[in-house]
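# pasting the structure only:
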């Protein structure tokens with residue numbers, strides 16, 4: 001948070017939602033609002049996409065998440081999960097909330113499903129280049145600072161589950 005000067009979330013999957021477990025806010029006048037305990041859709045969040053990619057979600061699991069979704073949302077989700085497997089981080093641009101962009105990195109843990117960390121900021125500060133740089137930097141930071149037993153998910157150049 002100090003380095004990026006943007007909001008940082010820790011989240012976990014809760015059904016078809018992401019549950020915000022914790023957050024760290026930047027020292028900025030203009031920043032993003034959020035609330036610990038809030039739930040948001042897996043389909044439209046970088047946190048959710050990163051965690052689903054980390055699970056190596058097969059088409060059947062992706063279908064379970066998108067069964068009742070708008071076809072455009074489902075298609076964007078599937079493409080985003082595939083991209084997250086390749087890059088090692090997921091992005092979201094104004095899909096969860098207008099004016100807000102986010103990048104997320106998943107961590108595998110010794111037991112249970114993955115968790116993820118994200119950096120969130122206003123669109124005016126979170127262009128594609130910055131999202132890519134923050135995604136790469138977040139992976140670097142988490143690879144050396146994750147709790148014992150937690151590991152950053154490796155990338156898959158082919159994007160295969």
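Nice, thanks for sending it over. Keep in mind that this is a model prediction, so the values were computed, not measured.

# ok, and the closest non-adjacent residue to residue 146?
Leaving out its chain neighbours, the residue that sits closest to residue 146 by Cβ to Cβ, 6 or more residues apart in numbering is residue 107, at 5.5 Å. Bear in mind the C-beta positions are built from the backbone N, C-alpha and C, glycine included.

# what's across from that neighbour in the sheet?
residue 115, residue 152 (DSSP bridges).

# Just confirm it contacts residue 153, I think it does.
Yes - using Cβ atoms under 8 Å, residue 107 is in contact with residue 153, at 7.2 Å.

# what do those two both touch?
Between them, residue 107 and residue 153 share these contacting residues under Cβ atoms under 8 Å, 6 or more residues apart in numbering: 54, 114.

# thinking again about what came up before, tell me who's in contact with the residue nearest to residue 146.
54, 114, 115, 116, 117, 142, 146, 150, 151, 152, 153.

# want to try a markdown table for those, with pLDDT and neighbour count as columns?
As requested, the contacts of residue 107 are exported to a markdown table (pLDDT from 0 to 100; neighbours: other Cβ atoms under 10 Å):
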| residue | pLDDT | neighbour count |
| --- | --- | --- |
| 54 | 90 | 26 |
| 114 | 91 | 22 |
| 115 | 95 | 21 |
| 116 | 96 | 29 |
| 117 | 97 | 26 |
| 142 | 96 | 19 |
| 146 | 93 | 17 |
| 150 | 94 | 15 |
| 151 | 93 | 16 |
| 152 | 94 | 21 |
| 153 | 84 | 23 |
